[in-house]
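Enquirer: Curious how this folds, go ahead:
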Amino acid sequence: MKKIDAGQFIGLLANLGTLVGLLLLVFELNQNRQLTRAQIRHELSMGIVEHLDVVANNSQLADVIRRGSSGEELTPDERTQFTMRSNAVLRYWEDVHYQYRQGLYDESEFEKQREAWVDSLSRSAGLVAYWCANQKLYSADFAKEIDGALTTHKCK
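Expert: Numbers count the residues shown, from 1 in each chain. So this is what the prediction gives:
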């Protein structure tokens, strides 16, 4: 049996220490990834809650959204409100889509987002009209996703 000298023993311990350190680093990175996912999910949830809360507490805006969604005539100021709200909703959706593509959204959770998009777009001719006129302002991947979600109303 070969005798191990002190230098080899210290080298072996150093290598083991490095291996343990790497394992701990991988563990920490995984925990950080889970924490990041939770934070992003929370921020996205709060974003939609804020959108819904603004409409719920502003009857004038709710009226504009209802009339704009059904394609009714809007005043220039109301049209601006509807346009800004449509852009905000679509930018929120685009962010959700981006987070999903980055792996920070589960497939099953994102599928429910898609279903909500299809539902919203099927009930809002005004939102679809805004989308069709402005889709070039959004990322190509997101545009493809939304175009696939158009069921009732389509871009001409």
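Enquirer: show me what contacts the residue nearest in space to the middle of the chain?
Expert: Nearest to the geometric centre of the chain sits Val96, at 0.9 Å (CA atoms, centre = their mean). Residues in contact with Val96 (CB atoms under 8 Å, 6 or more residues apart in numbering) are 44, 105, 110, 113. Using the backbone N, CA and C atoms, a C-beta is placed for each residue, glycine as well.
Enquirer: downstream neighbour of whatever helix or strand it lives in in the secondary structure list?
Expert: With secondary structure defined by DSSP states H and E, Val96 is part of helix 76-101. Once helix 76-101 ends, the next helix or strand along the chain (criterion: DSSP H and E) is helix 107-123.
Enquirer: ok, residues contacting the helix or strand that comes right after that following helix?
Expert: Scanning forward in sequence from helix 107-123 by DSSP H and E, the next helix or strand is helix 125-134. With contact meaning CB under 8 Å, 6+ apart, helix 125-134 is reached by 68-71, 82-83, 86-87, 89-90, 120-121, 146, 150, 153-156.
Enquirer: Redo the contacts of Val96 as JSON lines? Include pLDDT, distance to Tyr138 and neighbour count.
Expert: JSON lines is the format used below for the contacts of Val96 (pLDDT from 0 to 100; distance: CB to CB, whole Å; neighbours: other CB atoms under 10 Å):
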{"residue": "Leu44", "pLDDT": "73", "distance to Tyr138": "17", "neighbour count": "17"}
{"residue": "Tyr105", "pLDDT": "81", "distance to Tyr138": "18", "neighbour count": "20"}
{"residue": "Phe110", "pLDDT": "92", "distance to Tyr138": "17", "neighbour count": "17"}
{"residue": "Gln113", "pLDDT": "92", "distance to Tyr138": "16", "neighbour count": "19"}
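Enquirer: what angle sits between the helix holding Val96 and helix 125-134?
Expert: 70 degrees (axes from the mean of the first three to the mean of the last three CA atoms, to 10 degrees).
Enquirer: what about helix 76-101, distance to the chain center?
Expert: Using CA atoms, centre = their mean, to the nearest Å, we find the averaged C-alpha position of helix 76-101 to lie 12 Å away from the chain's own average C-alpha position.
Enquirer: now for the longest helix seen in the chain, which elements pack on it?
Expert: Identified as the longest helix of the chain according to DSSP state H is helix 6-56. Applying 3 or more CB pairs under 8 Å, 6 or more residues apart in numbering; DSSP states H and E, one finds that helix 6-56 makes contact with helix 59-69, helix 76-101.
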